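# turn this into a structure:
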Amino acid sequence: MNIEYSCKTFQALSLQELYDVMVLRQAVFVVEQNCPYLDADGQDQVSHHLMGWLAGELVAYVRILPKGTTYESYPAIGRVITGQTIRGKGKGMELMQQAIAISEQLYPHQAIKLSAQAHLQRFYSSLGFVVVGEGYLEDGIPHIAMIREAASLVE
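Down below sits the predicted model:
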């Protein structure tokens, strides 16, 4: 199973790509997780959108946000999704490795922050993220803030 990744700014997304992104995000976050929330939060326009395609279907997605958008002092990774068809096959790790590499290219020498669903703490820890602060509820789901130090600071 070879997923093809592409990363685009909001302005570079085709209408079909934007539609596919919104469908996947709503299918997972709103329908599967039964979490009604406003997905169109005004941050997509300044983000980079990492998309994973398999046989023409969007199966993986991450939004990469600049510093000052979600967090004042950090660029961020958010809306991390793998579709049901590829879940449990190690593709979430592959997606996050791609997202981290792109974040480091876009925002060199900067730590990356994310808001992780609490049950995924071990997964994100395996990618070098560490918990900061106390847990909290986001849209009714337990979350934790996690930070991955900049590659230049880790080496």
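
# below-threshold pLDDT in the protein: ranges please.
152-155 (pLDDT under 70).

# ranges for the helices of it?
For the chain, applying DSSP state H gives helices covering 15-25, 91-106, 121-125, 151-154.

# between those, which one is closest to Gly133.
helix 121-125 (12.7 Å; Cβ to Cβ). Every residue, glycine included, has its C-beta placed from N, CA and C.

# Leu58 contacts Leu24, correct?
Yes: proximity of Leu58 to Leu24 meets the contact threshold set by Cβ atoms under 8 Å, at 5.3 Å.

# who touches both of these two?
Gly83 (Cβ atoms under 8 Å, 6 or more residues apart in numbering).

# wait, what's in contact with Phe129?
Ile112, Leu114, Ala116, Met146, Ile147, Arg148.

# quick one: it and His119, what's the gap?
Phe129 is 14 Å from His119, where distance means Cβ to Cβ, to the nearest Å.

# again with Ile81
To His119, Ile81 is 15 Å away according to Cβ to Cβ.

# burial of Gln43, as a residue count?
For Gln43, the count of nearby residues is 16 (other Cβ atoms under 10 Å).

# before we move on, the earlier item: now render the contacts of Phe129 as CSV, adding neighbour count.
CSV is the format used below for those (neighbours: other Cβ atoms under 10 Å):
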residue, neighbour count
Ile112, 26
Leu114, 27
Ala116, 23
Met146, 22
Ile147, 19
Arg148, 23
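
# nearest to Gly42 among the residues you listed?
When the contacts of Phe129 are compared for distance to Gly42 (Cβ to Cβ), Leu114 wins out at 18.5 Å.
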